[in-house]
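Novice: got a sequence here, can you model it:
(2 chains)
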2 protein chains.
Amino acid sequence: MPSLTEGILLTDQYQLTMAQVYYRLGIHERPALFEFFYRKNPDYGQHQAGYGVFAGLDPLLEWMESARFKEAELEVLRSHKTRAGEPMFGEDFLRWLGRNGSFDGLTLRAVAEGRVVHPQVPLVAIEGPLVQAQLLETALLNKLNFETLIATKSSRIREAAGPAAYVLDMGLRRAASGAGNSATRAALIGGANRSSNVGMSHELGLQAAGTHAHSMVQAFMALGMGELDAFRAFAEVYPDDTVLLVDTVDVLESGVPNAIQVFEELRAKGHRPVGIRLDSGDLAYLSIRSAQLLDKAGFPDAAIVLSSDLDELVIWQIYTQIRQEAPRYGVDADALTRRLVFGVGTRMVTSWGQPALGGVYKVVAVREDGEWKPAIKVSETLEKVLNPGHKKAWRLYDDRGLASADVLTLSDEDPCAEPTLTLHHPSDAGKIRRVKTAACRLEPLQEEVWRGQRVAEPQPLEVLRERHRKDVELLDPGVRRLINPHTYHVSLSSRLWQLKNQMVEALLQGS
Amino acid sequence: MPSLTEGILLTDQYQLTMAQVYYRLGIHERPALFEFFYRKNPDYGQHQAGYGVFAGLDPLLEWMESARFKEAELEVLRSHKTRAGEPMFGEDFLRWLGRNGSFDGLTLRAVAEGRVVHPQVPLVAIEGPLVQAQLLETALLNKLNFETLIATKSSRIREAAGPAAYVLDMGLRRAASGAGNSATRAALIGGANRSSNVGMSHELGLQAAGTHAHSMVQAFMALGMGELDAFRAFAEVYPDDTVLLVDTVDVLESGVPNAIQVFEELRAKGHRPVGIRLDSGDLAYLSIRSAQLLDKAGFPDAAIVLSSDLDELVIWQIYTQIRQEAPRYGVDADALTRRLVFGVGTRMVTSWGQPALGGVYKVVAVREDGEWKPAIKVSETLEKVLNPGHKKAWRLYDDRGLASADVLTLSDEDPCAEPTLTLHHPSDAGKIRRVKTAACRLEPLQEEVWRGQRVAEPQPLEVLRERHRKDVELLDPGVRRLINPHTYHVSLSSRLWQLKNQMVEALLQGS
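Specialist: The predicted structure is shown next:
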């Protein structure tokens, strides 16, 4: 019964215990506003990202369409007992859940999938009955945190790959069990060009990519044949799509020479061989030496696919080594980098170095007597104090047209109304910046995506990918740096800054 | 259409391109033997595990029961085109796949789920038609790698928690999207006592655990009430299950005093309060000070639940600090540790520090003329050379009854037949150990779990958990160490060692 574990019960128990408390108090349908945001860009240990890539929204909306309390779900709650052996949930509450335990009272405003995003900015604002909003938390965090994390890593890997022909996602086998398809989707949004994942590629309108494994060569050898027989058999079946894995025996002594022999046979029959793949050893060195052999044999365009625990830093290092070492072998470094293809697996689909995005879901306002009452939580660290209240998020573009800051304002503010806009650092009172509104452009970042149901059809993958590419182009090159990136500013308007400070003051005096 | 992305097309493209090559050569139904094993215990950066915990088998078998090529799956392959625009897969091959593209010709022998396992030991042996065995690779790796990784981390966390009442999995929100339920399952196999995940806990026969979040206190405050009102409302609804989160405002000035007031009200009505939860700050210090206040108020048994980025090292450090600091406040350190509960999330379900287990699926033999021909792959590093051939795995127990080594032999060997058994290190020729077979016990590690279909019903979670607990008890304490564990021996029999060496020799001379 997958629906029981994949439906609305894909949640934490405390959402349900809290829901019953709200029900008993009669505040379960009180309008509340929650926000999803993250506090820090992924930090991979040696290097922190300069931006994030928002993903996972469409799968979340799809889940919301069918997740609701039906009889089977209520039956599960009916079986829950207190320590005194009594039913944990009252029948009146369960009846209410049976009628209202869905997301049809919620409105979601969200940043569009694929967009470049930054810490502190609400990526989704969730408004509606307190219990419905609370019930969404766990699934929302599960879906948005992960895809955003992977799309971000993929974007960095695509940045590092730069001139290479393409980046191929091959992480399915190393993705978390059940997360392979979301990892594939996020990787494709963030910049991977193709994926090895057959089913999910098809679902997203792409053809999966892939050729053969070591096991094929090994099987031929176990049956008394050799690497050359294996290559020949493959080329026979796929004369126009031949990519040969050359490192089962010995790359330079056996693999590449055998591949070249098969490539020559293909050429003689009028076909164009595609390339070779290297999956072990010193990839920079072996790609130079392989290029040298392929060039000499008259295959200067044959692709060289590299794989084996690649990530953005490993790719960067491969390029650096190629630039240093290629001339020694008479190989043109630039030409070589253009024929490279990177097959990336484990380190992309696990976001190696930072395997979770700490995105949070926080109540920022509750409605009472027709008015939004801002909510706050004070932490030991000022950076972790919530930005309270009903807000809007904007992106500010400078006169070059580049994204210069994201700005949070109260919902009823028009940040362009005054000739000068004052931007406050979210937690450091001393940091203030003023911009002339005439010289810049402000773009609202959120749009309504759900009002009891989806407000628009899902968009094709290509739209999300294009949106991502465009947004990355609009970043300052300093923010795009792989290591030690320039900090992108996220600022508060004066009114929001004042509200936050007043609330913190009041709370500290009260306690 | 989830079946398309979750069924047999949850695979890498190269499995299909290779399959068609085998089909064209007429070797697609040739019996082959693949093995799943991993090469190194998870290494979390500062510390490497001394053992693994095998998990994920039952979900794999469940998937195998329904995964097969039906018309919709064949239609996907029909849409695949070569670079020349031709169909990638021939109709004759697709017809064969439609009839035989499932796992009904395979036999799987596997280690039982929940068992303690070690590198190099085949955890699953997959035997059957070459194409069927190859088609299983991606899904098998995806499911077994991840659950084994998480069960291992969970086992370490349970080890570190030692005397604490229990460990609670609360990682669903930070698990990879789609992997929340497998993470919960693996965490529960590896030692977590309960989970917050409602649906999956129920599926596994447990009741989910959880109380309330900061958002409840914040919502009350936004509505003009306070922390005490929130606590009281919660206690009113759950008088026998009251755990109060005390760090929304200020733990020692507000949270704990308010909790004690509500606890006293509960006690007056004849109820027993369960405890408090701390989710931020210096957890060791705050738990000591909270214990002091609770003790003074007459609640020495109230549990103290700790959460906030916990893992085995953080828990260990909390214990160490408590032992140093508790006496200063007149708190008994031992009594305090026994009332602790650890809520573990992100770092368990992502296996923080090592977010993937590099388990591999390798062909080790192919059958020809009624005989198994061993397959091998030579690497630059001797440790990565496959152990070839049709094998059996055994666990050797010493005269104390403790597990002393795992031993790989050829399938037709009886390791107890001779009075002395010689154990060879898998890659270091110099390392040899001899044991008297009379003084020890050898246990076969694999059992048949699939022969065209499951050979037994799935076992309840409790059986797997008990199996895990028993196996951990049978480890040498040195192997159980969290840091710098003693290396558990995995050895080859003399005959297997000789076969491996002969094959490496032959291959090196041949190349």
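Novice: ignoring the adjacent residues along the chain, who's closest to A:Ala230?
Specialist: Once flanking residues are discounted, A:Ala230 sits nearest to A:Phe220: 4.0 Å by C-beta to C-beta, 6 or more residues apart in numbering or on different chains. Quick note: C-beta positions are derived from backbone N, CA and C, even for glycine.
Novice: equivalent analysis for A:Ile126, please.
Specialist: A:Phe34 (4.4 Å).
Novice: list phi and psi for the one you found.
Specialist: For A:Phe34, the backbone dihedrals (degrees, to the nearest 10) come out as phi -110, psi 160.
Novice: for it, give the beta-bridge partners.
Specialist: Note on A:Phe34: beta-bridge partners A:Ile126, A:Val363, judged by DSSP bridges.
Novice: neighbours of it, how many?
Specialist: A:Phe34 has 26 neighbouring residues, counting by other C-beta atoms under 10 Å in any protein chain shown.
Novice: now do the contacts for it.
Specialist: By C-beta atoms under 8 Å, 6 or more residues apart in numbering or on different chains, the contact list for A:Phe34 reads A:Ala125, A:Ile126, A:Glu127, A:Ala133, A:Gln134, A:Leu136, A:Glu137, A:Tyr361, A:Lys362, A:Val363, A:Val364, B:Ser215.
Novice: checking my notes, A:Ala133 in a helix, right?
Specialist: Yes - under DSSP: H, G, I helix; E, B strand; the rest coil, A:Ala133 sits within a helix.
Novice: burial check on it, number of neighbours?
Specialist: Using other C-beta under 10 Å, A:Ala133 is surrounded by 25 other residues.
Novice: how close does it get to chain B?
Specialist: 9 Å (C-beta to the nearest C-beta, to the nearest Å).
Novice: what of A:Val449?
Specialist: For A:Val449, the distance to chain B - C-beta to the nearest C-beta - is 18 Å.
Novice: same check on A:Pro426?
Specialist: Distance of A:Pro426 to chain B, given as C-beta to the nearest C-beta: 18 Å.
Novice: who's in contact with that residue?
Specialist: Counting by C-beta under 8 Å, 6+ apart, A:Pro426 has contacts A:Gln120, A:Glu383, A:Asn387, A:Leu408, A:Val490, A:Ser491, A:Leu492.
Novice: quick one: which of these is most hemmed in?
Specialist: Within the contacts of A:Pro426, neighbour counts (other C-beta under 10 Å) peak at A:Leu408, which reaches 27 neighbours.
Novice: okay, and the residue lying farthest from the centre of chain A sits in which element?
Specialist: Distance from the C-alpha centroid of chain A peaks at A:Gly224, with 46.2 Å (C-alpha atoms, centre = their mean). Assigned by DSSP states H and E, A:Gly224 falls within no helix or strand.
Novice: show me the strands in the stretch 201-350 of chain A, by range?
Specialist: Taking DSSP state E, counting those that start in this stretch as the test, the strands found in the stretch 201-350 of chain A are A:243-245, A:275-278, A:303-307, A:340-344.
Novice: and the third one, how far out from the chain middle?
Specialist: This points to strand A:303-307. Its chain's C-alpha centre and that of strand A:303-307 lie 25 Å apart, by C-alpha atoms, centre = their mean, to the nearest Å.
Novice: partner strands of that strand, with direction?
Specialist: As defined by DSSP bridges, the strand partners of strand A:303-307 come to strand A:275-278 (parallel), strand A:340-344 (parallel).
Novice: and A:Ser287, how close does it get to A:Val305?
Specialist: 9 Å (C-beta to C-beta, to the nearest Å).
Novice: also A:Arg99?
Specialist: Applying C-beta to C-beta, the value for A:Arg99 to A:Val305 is 56 Å.
Novice: for those two, indicate the residue with more neighbours.
Specialist: When neighbours are counted by other C-beta under 10 Å, A:Arg99 and A:Val305 differ, and A:Val305 comes out ahead with 26 against 10.
Novice: so that one touches A:Arg277, yeah?
Specialist: Yes - counting by C-beta atoms under 8 Å, A:Val305 touches A:Arg277, with 4.0 Å between them.
Novice: any common contacting residues for those two?
Specialist: With C-beta under 8 Å, 6+ apart as the test, A:Val305 and A:Arg277 both reach A:Val243, A:Gly343.
Novice: may I see the contacts of A:Pro426 arranged in JSON lines, with secondary structure as well?
Specialist: Shown next, in JSON lines, are these (three-state DSSP):
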{"residue": "A:Gln120", "secondary structure": "coil"}
{"residue": "A:Glu383", "secondary structure": "helix"}
{"residue": "A:Asn387", "secondary structure": "coil"}
{"residue": "A:Leu408", "secondary structure": "strand"}
{"residue": "A:Val490", "secondary structure": "strand"}
{"residue": "A:Ser491", "secondary structure": "strand"}
{"residue": "A:Leu492", "secondary structure": "strand"}
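Novice: from these, which one has the minimum pLDDT?
Specialist: By pLDDT, A:Glu383 ranks lowest within the contacts of A:Pro426, coming in at 76.
Novice: so what's it closest to, chain neighbours aside?
Specialist: Nearest to A:Glu383 is A:Ser427, by C-beta to C-beta, 6+ apart, at 4.8 Å.
Novice: next: A:Ala326.
Specialist: A:Ala333 (4.1 Å).
Novice: cool, A:Leu382 as well?
Specialist: Residue nearest to A:Leu382 in three dimensions, not counting chain neighbours: A:Ser427, with 4.3 Å by C-beta to C-beta, 6+ apart.
Novice: which secondary structure state is assigned to that neighbour?
Specialist: Three-state call for A:Ser427 (three-state DSSP): coil.
Novice: show me which residues of stretch A:390-398 are buried.
Specialist: Using 16 or more other C-beta atoms under 10 Å in any protein chain shown as the burial criterion, the residues of stretch A:390-398 that qualify are A:His390, A:Lys391, A:Lys392, A:Ala393, A:Trp394, A:Arg395, A:Leu396.
Novice: between those residues, which is closest to A:Gly452?
Specialist: Of all those, A:His390 has the smallest distance to A:Gly452: 19.5 Å, by C-beta to C-beta.
Novice: how about the closest one, what does it touch?
Specialist: A:Leu33, A:Val364, A:Ala365, A:Trp372, A:Pro374, A:Leu410, A:Ser411.
Novice: who's in contact with the last one?
Specialist: With contacts taken as C-beta under 8 Å, 6+ apart, A:Ser411 has the following neighbours: A:Gly389, A:His390, A:Lys391, A:Lys392.
Novice: looking at this, the last one is in a strand?
Specialist: Just to be clear, that refers to A:Lys392. Yes - under three-state DSSP, A:Lys392 sits within a strand.
Novice: distance of A:Ser351 relative to chain B?
Specialist: 7 Å.
Novice: helix, strand, or coil at that residue?
Specialist: Under three-state DSSP, the three-state class of A:Ser351 is coil.
Novice: can you list the residues of the stretch 201-350 of chain A near chain B?
Specialist: Residues of the stretch 201-350 of chain A found near chain B (C-beta under 8 Å from any C-beta of the partner chain) are A:201-203, A:207-216, A:218-219, A:221-224, A:233-234, A:236-238, A:240-241, A:248-250, A:253-254, A:274, A:280-281, A:346, A:350.
Novice: just the buried ones from the residues you listed?
Specialist: A:201-203, A:208-216, A:218-219, A:221-223, A:233-234, A:237-238, A:240-241, A:248-250, A:254, A:274, A:280-281, A:346, A:350.
Novice: tell me which element A:Leu77 falls in.
Specialist: Here A:Leu77, judged by DSSP H and E, is contained in helix A:71-78.
Novice: so is the next helix or strand after that helix next to chain B?
Specialist: Remark: after helix A:71-78, the chain's next helix or strand is helix A:91-100, criterion DSSP H and E. No - between helix A:91-100 and chain B, judged by C-beta under 8 Å from any C-beta, nothing touches; the nearest distance is 9.4 Å.
Novice: all set now, cheers.
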